[in-house]
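In: please find the sequence and the predicted model below.
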Amino acid sequence: MRRTSIKSLRVPQLYLGVLVVLIMLGGLLVEQGLGLKYYDRFGPGAGFFPVWIGGMLIVVALVAMIPTITELRSSQALVFPPGSSAWRVIVMLASLAILWWAVDMFGFRLAVLVYMLTIPILIARLPLIIIVPTALAASFGAAYVFETWLLVRLPEAQFPALAALGL
Amino acid sequence: MHELSQFGAGLLTALEPANLLYAFLGCVIGTLVGVLPGVGPVAGIAILLPITFGMEPSGALIMLAAIYYGTMYGGTITSVLINVPGESASVVTAIDGYQMAQQGKAGQALSIAALGSFFGGCVATLGIVLLAGPLSQLGLLFGPPEFFTLILVGFSLLIGLAGNSISKAIISAVFGLALTLPGLDPMVGMPRLTFDQISLMDGFGFVPVLMGLFGISEILVNIESARKTLVMAPISSLFPGKHELKVSIAPVLRGTALGFFIGLIPGLGAATSSFAAYALERRVAKDPTRFGKGAIEGVAGPEAANNATANASLLPLLALGIPGSASVALLMGAFLMNGITPGPFLFRDHGDLVWTLIASMIVGNFILLALNLPLVGLWTKVLSIPYGVLFALIVVFATIGSYAINSSMIDVAVMFAFGVVGYVFRKVDIPLAPIALTLVLGPQFEQSLRQSLVLSNGDIGIFFRGPISITLVIVAVVSVFLSAWQPVGKAVKMIKEQDSEV
């Protein structure tokens, strides 16, 4: 079987994968819905809508699969056409996951400061003279504005030593 | 008339310093959101929604509404100057607006666009003043069957006109309905599809989901390629000539009328009206060959139409509780978050607030006219912000926005996860707008369906007995039929090449 690298991944292949996931989601909804009350003497129960929505999802996804399987051979449309970079997207996704973990562990200020110091360099190769003030403003500055003026509480560090510093 | 006196009272309240400030802030932010390619009104409102939590409901709604219709003004600036529409409703303005800019008439294009937008927005708001009362009276006749069939009409129209594939639009809409299932059952209040997770007891919050689907996914799409340097057309005089003004009057009037009526129909949106207005101007023009080469009518008509639609689409929300687009669906969420339920009883229970909001829309249009013309140079400076910084800042603000709802990092995780979902959907051309609408309307859709069946002891004939519900059923069936009919479908696809309401 021919190996498919991410750069050669075609749109119909990705769409087929999406449809399979949607069919599985529909199956889950139907299964869960049947475990609830579908109908009683008062009318539709909690399971009514999940069964119908799950069923519709399965049917529509199966119907959409037919032309997609045909397109697998004919369409050469790439998910990442020339000029676009899958790695930039992967870097961004990884950064979002790390940011989420870091905000939870180290608090908003520290996590966003590090994020704003690294991502613009990685993605756009910007000079420090632009990045450092922006990072400080986006982390400590934004935290001050949101917590003091807008009364929006932001995540604090889970480590007592950092939390004691106000981070 | 009673409505006019209430509007007058609302106008006095809207002119109070605090409300003026909120309207001004909303207009500034809305213009900024419109100017920035990659941040549409849905993402902009979703990201800024949590900021309004600590505000008075009236101020919050005034600001968010101003952001919404302000984006229509902002999107025009980049359409004309750099041929990059700031949001989908400004796509058609770029066709002739950019050509005018290339001919040294950028200032005239921008000024006519701003004047047309102003006229369309103000007239549509006055239309709301006149129709709100009668429409909300009609809404009082609505019971569960009528609400169910009305939402069905919205879904059927949206499915017919969203994106290029009906099957993908249906997938999107059903996926959105599926997202409303986890949580507490709306009728009996028991947990459903929570998988014993406390975080799912309230279901998926629509704000983190929409922020992810529209905001984060947009960043992922834009991050794929290195950003090119934008070359901007120079701006000379901002004052239109007498000839441009004279030629623009009829297109603005036609665009306003067309945009207003399109705005009343849930599911169509400002992008549809701008394309329809452009097509209309080409049809009635003495020399259609001028279009695409800098015809002022190709700017005036669509701009009046998209602003008229943006303002008019608030009427079904206020009077019936039915949002007409993804952006308005978010505004509906803002209402609900402030403990206010849009619909037929809104004018009775919160009349002061609603009339203040409507009056603030007139004030907002004046503010936007003043902001957009003299300060156009300032807005274009925003475009020189390096994209790497802009993306990172949007992520940071989106994180704050998601976290602020429930002070929970789970909402942030939901946002990022749906960012990936939205990105994948965009890659395979599944439209996102239906998800936004069904996500917000899904609970009401299910509740009204189940309530109707309880009332009728399971007899689905209840949807075909009342005059309003049978009419709406017929409208829904006809719209689905028209969408499926190839010649009409092809014409609609030609008009709507872009996704609606991002």
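Out: Cool, got the structure.
In: how near is residue B:201 to chain A?
Out: 14 Å (CB to the nearest CB, to the nearest Å). Glycine gets a C-beta too; all of them are placed from N, C-alpha and C.
In: can you tell me the closest non-neighbouring residue to that residue?
Out: residue B:194 (5.8 Å; CB to CB, 6 or more residues apart in numbering or on different chains).
In: not counting sequence-adjacent ones, nearest residue to residue B:140?
Out: residue B:344 (4.7 Å).
In: could I get the phi/psi values of residue B:411?
Out: As for residue B:411, its main-chain torsions (degrees, to the nearest 10) stand at phi -60, psi -40.
In: and it, how many neighbours?
Out: 25 (other CB atoms under 10 Å in any protein chain shown).
In: what do you get for residue A:90?
Out: Neighbours of residue A:90 using other CB under 10 Å come to 11.
In: ok, residue A:40 next?
Out: Quick note: residue A:40 (other CB under 10 Å) scores 10 neighbours.
In: for residue B:368, give its distance to residue B:94.
Out: Separation of residue B:368 from residue B:94 (CB to CB, to the nearest Å): 20 Å.
In: quick one, which of these two is more surrounded?
Out: residue B:368 (29 against 23).
In: where do the strands of chain B begin and end?
Out: Here chain B has its strands, by DSSP state E, at B:183-184, B:191-192.
In: actually chain A, not the one I wrote
Out: A:39-40, A:43-44.
In: which of the ones you listed is buried the deepest?
Out: strand A:43-44 (a mean of 20; mean count of other CB atoms under 10 Å in any protein chain shown).
In: what lines up beside that one in the sheet?
Out: Each strand paired with strand A:43-44, and its direction, by DSSP bridges: strand A:39-40 (antiparallel).
In: what's the mean pLDDT across the strand it pairs with?
Out: For strand A:39-40, the mean pLDDT works out to 84.
In: circling back: which one, of the strands of chain B, ends up nearest to chain A?
Out: Nearest of the strands of chain B to chain A, taken as CB to the nearest CB: strand B:191-192 at 5.1 Å.
In: and that closest one, anywhere near chain A?
Out: Yes: using CB under 8 Å from any CB of the partner chain, strand B:191-192 comes into contact with chain A via residue B:192.
In: pLDDT (mean, whole number) over that strand?
Out: For strand B:191-192, mean pLDDT rounds to 88.
In: and if you look at stretch A:115-128?
Out: Stretch A:115-128 comes out at a mean pLDDT of 80.
In: let me see the contact set for the closest residue to chain A within chain B.
Out: Ranking the residues of chain B by distance to chain A (CB to the nearest CB) places residue B:388 first, at 2.5 Å. Going by CB atoms under 8 Å, 6 or more residues apart in numbering or on different chains, residue B:388 touches A:119-121, A:123-126.
In: with residue B:287 instead?
Out: Residue B:287 neighbours (CB under 8 Å, 6+ apart): none.
In: need the longest helix for chain B.
Out: Selection of the longest helix in chain B by residue count, based on DSSP state H, yields helix B:106-139.
In: and it, what's buried?
Out: B:106-129, B:131-132, B:135-136, B:139 (16 or more other CB atoms under 10 Å in any protein chain shown).
In: just for the stretch 51-200 of chain B, where's the confidence low?
Out: For the stretch 51-200 of chain B, the stretches with pLDDT under 70 are B:85-87, B:160-164.
In: how much space between residue B:129 and residue A:23?
Out: Look at residue B:129 and residue A:23: by CB to CB, they are 49 Å apart.
In: quick check: the residue of chain B closest to chain A vs residue A:77, distance?
Out: From residue B:388 to residue A:77 the distance is 28 Å (CB to CB).
In: same thing with residue A:91?
Out: Taken as CB to CB, the span from residue A:91 to residue A:77 is 24 Å.
In: kindly report the same for residue B:135.
Out: Taken as CB to CB, the span from residue B:135 to residue A:77 is 45 Å.
In: and for residue B:334?
Out: In terms of CB to CB, residue B:334 sits 38 Å off from residue A:77.
In: of the two, give the one with the bigger neighbour count.
Out: Using other CB under 10 Å as the criterion, residue B:334 and residue A:77 rank with residue B:334 on top: 23 against 14.
In: give the closest residue to the more buried one in space, chain neighbours not counted.
Out: residue B:64 (5.1 Å).
In: over to residue B:4?
Out: residue B:129 (6.9 Å).
In: tell me what the spatially closest residue to residue B:458 that is not a sequence neighbour is bridged to.
Out: Spatial nearest neighbour of residue B:458, chain neighbours left out: residue A:43 (6.6 Å); criterion: CB to CB, 6+ apart. Beta-bridge partners for residue A:43, by DSSP bridges, are residue A:40.
In: how much space separates the residue of chain A most remote from its centre from chain B?
Out: Distance from the centre of chain A peaks at residue A:41, with 41.7 Å (CA atoms, centre = their mean). Relative to chain B, residue A:41 is positioned 9 Å away (CB to the nearest CB).
In: got the phi and psi for that residue?
Out: phi -70, psi -10.
In: got the domain ranges for chain A?
Out: A:6-74, A:86-164 (automatic domain parsing).
In: related to what we said a few turns ago, state the distance from the residue nearest to residue B:458 to residue B:325.
Out: From residue A:43 to residue B:325 the distance is 32 Å (CB to CB).
In: swap in residue A:160?
Out: 48 Å.
In: higher neighbour count, these two?
Out: Neighbour totals were compared for residue A:160 and residue B:325, and residue B:325 leads with 31 against 8 (other CB under 10 Å).
In: thinking that one is in contact with residue B:433, fair?
Out: Yes: with contact defined as CB atoms under 8 Å, residue B:325 counts as touching residue B:433 (7.2 Å).
In: which residues sit against the lowest-mean-pLDDT helix or strand in chain A?
Out: One helix or strand of chain A scores below all others by mean pLDDT, DSSP states H and E: helix A:160-164, with a mean of 74. Outside helix A:160-164, the residues within contact range by CB under 8 Å, 6+ apart are A:106-107, A:110, A:156-157.
In: for the spatially closest residue to residue B:323 that is not a sequence neighbour, grab the count of nearby residues.
Out: Spatial nearest neighbour of residue B:323, excluding adjacent residues (CB to CB, 6+ apart): residue B:329 at 4.0 Å. Residues lying near residue B:329 (other CB under 10 Å) number 26.
In: any idea how far residue B:24 is from residue B:329?
Out: As judged by CB to CB, residue B:329 and residue B:24 stand 25 Å apart.
In: what does residue B:167 give?
Out: Taken as CB to CB, the span from residue B:167 to residue B:24 is 45 Å.
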